[in-house]
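A.B. asks: give me a 3D structure for the following:
(3 chains)
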Amino acid sequence: MALAISSSTTSLPRRSVTEPAWVRLLLIVSALGVLALFLLLPLVTVFGEAFSKGLDAYFGALGDDDAVAAIGLTLTVAAIAVPLNVIFGVVGAWCLAKFDFRGKSLLITLIDIPFSVSPVISGLVYVLLFGLQGWFGPWLKLHDIKLIFAVPGIVLATVFVTFPFVARELIPLMEAQGTEEEEAAVVLGAGGWRIFWHVTLPNIKWGVFYGVLLCNARAMGEFGAVSVVSGHIRGLTNTMPLHVEILYNEYNYMAAFAVASLLAMLALVTLAVKSLLEWRFSREIAAGTRHQKT
Amino acid sequence: MNSKRTLHLLAFLALAGTALTAPAKADTTLLNVSYDPTRELYQEVNQAFAKEWKAKTGETLKINQSHGGSGAQARSVIDGLEADVVTLGLSYDIDAIAEKTGLIGADWANRLPYEATPYTSTVVFLVRKGNPKHLKDWPDLVQPGIEVITSNPKTSAGGRWSYVAAWGYALHHYDNDEAKAKAYLTGLFKNVPVLDSGARGSTTTFVQRGIGDVLLAWENEGILAVEQLGKNQFEVVIPSISVLAEPPIAVVDKVVDKRGTRAVSEAYLKFLYSPQGQEIAAHNHYRPRDPETAKRHAKEFPEVKLFTVQSLGGWHALHKAHFQDGGIFDQISGVAKN
Amino acid sequence: MLATKSSVIPGFGPTLGYTLFYLGLIVLIPLAALFFRAAGMGWEQFVQAAFAPRVLAAYRLSFGGAFIAAAINVVAGLLVAWVLVRYEFPGRKLFDAMVDLPFALPTAVAGIALTAIYAPNGVIGQLLRPLGIKVAFTPIGVVIAMVFIGMPFVVRTVQPVLQDLELEHEEVAASLGANRLQVFCLVILPNLLPALVTGFALAFARALGEYGSVIFIAGNMPGISEIAPLLIVTKLEQYDYAGATAIAVVMLVAAFLMLLVINTLQKWRQSRFTAN
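C.D. replies: Residues are numbered from 1 along each chain as shown, chains lettered A, B, ... in the order given. Here you go, the predicted model:
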């Protein structure tokens, strides 16, 4: 379930292959209507509710001890989960894009599983494994190791859910780039690490960056999986999305949307950085791919 | 940017920075795993008890709270959430922890007064201001066109008490004719458009989303909703007969023994029975057990004809007949054959 | 397994080893636990738990809702992709960036916001109320949430294909007297078909498992507006581990089959692409 990096063309179609002006206008208006209705409106709602009681109330809600703890936990979880998946993403993409072997497409499908599995199921499997009623639960308890209902469990569930993000961004990119440059480097006598640092990494750095952005956004925003393995203890095992739910259930709607607005801002920053990079480096990215193809 | 805002922002950033490194310092921490509607109650109880404990022993106590649907919370404890005490919505849920894990002794209900239920409540109707649909009692709820909001009795304690209240009413009304009582419940749930998984979700649906004509709610939730969300928008209607809801509490034996927190956990639960604890419960709209406190708050808690769960056969029998897969609840919601 | 493409480049062994190790640790072993748990139930008990009437109703809603949402997304996504690629208008880049919002916005946040909008007292709910249309807390609400999370999948699969389409074909068709609609239906659409089908499958797979954004807006009535992932959680909360596991296995197998279909589709697209 990989998504190609989009880059918009600038040349526009000629007259004979375009529509009458009124059709164009109609299509543009309806497309923007769809986007506004389904995507923009929810975003506006979040910020509208968050600031409904003014700025002081907004910052007051964010400065609340439990909210701060939730923000801290979310940052911690992302700081562990994202690097783990970046390392895997780069290693996995190297293996899957630079070599051909039997069972490769099955392996790619397996890597994709966390994309399409319900997040609830990923929470459930860790409960079945590490819960007190699960396989390793009694052993963990005997050795006083806390996984479930503690930070490690939340990290595990997050790693599972964001598992394929970096790998799936890199595999098509590295496949498109081919292997000539690396082969040339081998001929010139470079070792594996040197090839990676000096030849491959510069070519895929933007892909890695996109992967990190998307992986991070999902890691910070995950709700279903984390909800199953967190004990919902205020100030201890509440991530930001869980804290949003808690505030919502306390009739504290303004504060719920205030914390939600931070997550929405994260989403906006993610998109902004992504678009900025695409725009600023589109030529470099395109060149990287094209250069390899010729 | 004015200076106050800057200050807020700086404070916020500083806090965000320290949150990663320094958890609140306390000599002892307790974890109270509770159900949805008790957030406000235990916020107040925890503060009062920590103060008392500090005065008595000099120990700084921090009590962490976890809230959610009663079943979900019990499930977390069963799966290994290390709660020192559980304060849940149903004795069935504490029994489940005791049976499935042995973390709690089977005799837990006999260790504290009133079968370990320090406060009670009942099920009432929350209606919109002026009661435009004239919903006075249980029979009004099955009228066509009435929308009733309640939560899922399989997962929510509040939903289960509401269900049992309706069932008990119907049995009383139809002279214990189960078929007729079942027909009443079928009619009732035909009028339910949204079934949230927790009591709090139902209140939000009714109050914030404007869905439904009547919310079946814990009495304490109903009063709280009126108080917090608009005195001139909602009112509480007390039906002619309802259930005596008894939310239970227990110390999780194996956890407190391991953590060495038995003394403080037991003192914490006993505190709920003290005059101060009872006063806090009453103040949070739970009916106090202590007769003195009850007298002081008599005006807030009108007398209702209440029946107990025991009079309906007890939780285990009710669970088996109604809430197991294929049971009466599944049958009346049309997903299981009669 | 033997590397055949390029044995010159070093690192096949270690990278494959690490990939398999990490995949096994994070994904395969945990999921295997699910299957072992289910296998321990015995066939009869499994069927009883996984295909009870209430569960079947939840599958119907999850699969049916995901199907409808994906179908809506194919139409809406094609429209959006078309406008973004073919037309120039102010703010185009901004709208283009906005398409990815559902990827980045946490699902619970989306769920709460959508509920606030479509509830009878919400911005859009208010408009629909006099018409007698209820969205929030009905199966329609479920579909709306699924459309939200699935939209970018279709747009982002169709967009690059649309960009790479050669305008010459359209010009030739036009010069042969075909009108614009005919060109679209007979020249453009067939070329987009593989991408549309892939986008549909991706949006469908995503919607099938979605939890966070759907539970807030669904009514969660058993048999009517209760989705399968919610039922898993509900079963867990009733201490019914076997029941939760059985439903999870069915959903997992469905998700895996969807992935196989998607990956096959993508191969089909690639082969078409190279054939062209």
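
A.B. asks: who are the packing partners of the helix or strand containing C:Ala97?
C.D. replies: Using DSSP states H and E, C:Ala97 sits within helix C:92-98. Contacts defined by 3 or more CB pairs under 8 Å, 6 or more residues apart in numbering or on different chains; DSSP states H and E place helix C:92-98 against helix A:21-35, helix A:253-293, helix C:53-86. From N, CA and C alone the C-beta is placed, and that goes for glycine too.

A.B. asks: where among those helices is average confidence lowest?
C.D. replies: Mean pLDDT is lowest for helix A:253-293 out of the helices and strands packed on helix C:92-98, coming in at a mean of 77.

A.B. asks: alpha carbons of the helix or strand encompassing C:Phe36, as CSV, please.
C.D. replies: Here C:Phe36, judged by DSSP H and E, is contained in helix C:29-39. Taking C-alpha atoms only, helix C:29-39 is exported to CSV below (Å, rounded to 0.1, in the frame of the first residue of the first chain):
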residue,chain,number,x,y,z
ILE,C,29,4.9,-13.6,16.1
PRO,C,30,2.2,-11.4,17.6
LEU,C,31,-0.2,-12.3,14.8
ALA,C,32,0.7,-15.9,15.1
ALA,C,33,-0.4,-15.7,18.7
LEU,C,34,-3.9,-14.7,17.4
PHE,C,35,-4.1,-17.8,15.2
PHE,C,36,-2.9,-20.1,17.9
ARG,C,37,-5.4,-18.7,20.3
ALA,C,38,-8.1,-19.2,17.7
ALA,C,39,-6.9,-22.8,16.9
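
A.B. asks: okay, buried residues for it please.
C.D. replies: The neighbour-count check on helix C:29-39 (16 or more other CB atoms under 10 Å in any protein chain shown) flags C:Pro30, C:Leu31, C:Ala33, C:Leu34, C:Arg37, C:Ala38 as buried.

A.B. asks: that helix near chain A at all?
C.D. replies: Yes: for helix C:29-39, a contact with chain A is found by CB under 8 Å from any CB of the partner chain, at C:Ile29, C:Pro30, C:Leu31, C:Ala33, C:Leu34, C:Arg37.

A.B. asks: identify, from the residues you listed, the entry nearest to chain A.
C.D. replies: C:Pro30 (3.9 Å; CB to the nearest CB).

A.B. asks: dump the residue contacts of the residue of the stretch 151-276 of chain C found nearest chain A.
C.D. replies: Relative to chain A, the nearest point of the stretch 151-276 of chain C is C:Gly209 (3.2 Å; CB to the nearest CB). By CB atoms under 8 Å, 6 or more residues apart in numbering or on different chains, C:Gly209 lies in contact with A:Ser116, A:Val117, A:Ser118, A:Pro119, A:Val120, A:Ile121, C:Pro229, C:Met251, C:Ala255.

A.B. asks: from these, list the ones also adjacent to chain B.
C.D. replies: Counting by CB under 8 Å from any CB, no member of those reaches chain B.

A.B. asks: where's the dip in pLDDT among these?
C.D. replies: Within the contacts of C:Gly209, A:Ser116 has the lowest pLDDT, namely 83.

A.B. asks: and that residue, how far from C:Leu25?
C.D. replies: Applying CB to CB, to the nearest Å, the value for A:Ser116 to C:Leu25 is 20 Å.

A.B. asks: so for the two, which residue has more residues nearby?
C.D. replies: A:Ser116 (24 against 12; other CB atoms under 10 Å in any protein chain shown).

A.B. asks: pretty sure the more buried one is touching C:Arg206, no?
C.D. replies: Yes: using CB atoms under 8 Å, A:Ser116 is in contact with C:Arg206, at 6.8 Å.

A.B. asks: dump the residue contacts of residue 200.
C.D. replies: Unless you meant another one, I'm taking chain A. When contacts are taken as CB under 8 Å, 6+ apart, A:Thr200 is in contact with A:Trp94, A:Met174, A:Glu181, A:Glu182.

A.B. asks: you answered for a different chain; I wanted chain C.
C.D. replies: Contacts of C:Phe200 (CB under 8 Å, 6+ apart): C:Ala70, C:Ala71, C:Asn73, C:Val74, C:Val154.

A.B. asks: show me what from the stretch 101-250 of chain A comes close to chain B.
C.D. replies: Checking the stretch 101-250 of chain A against chain B by CB under 8 Å from any CB, the hits are A:127, A:130-134, A:137, A:140-141, A:146, A:148-149, A:231-236, A:246, A:248-250.

A.B. asks: so which of those belong to strands?
C.D. replies: In strands, judged by DSSP state E, none of those are found.

A.B. asks: same for chain C: which of the residues you listed are within range?
C.D. replies: A:Val127, A:Gln133, A:Gly134, A:Tyr248.
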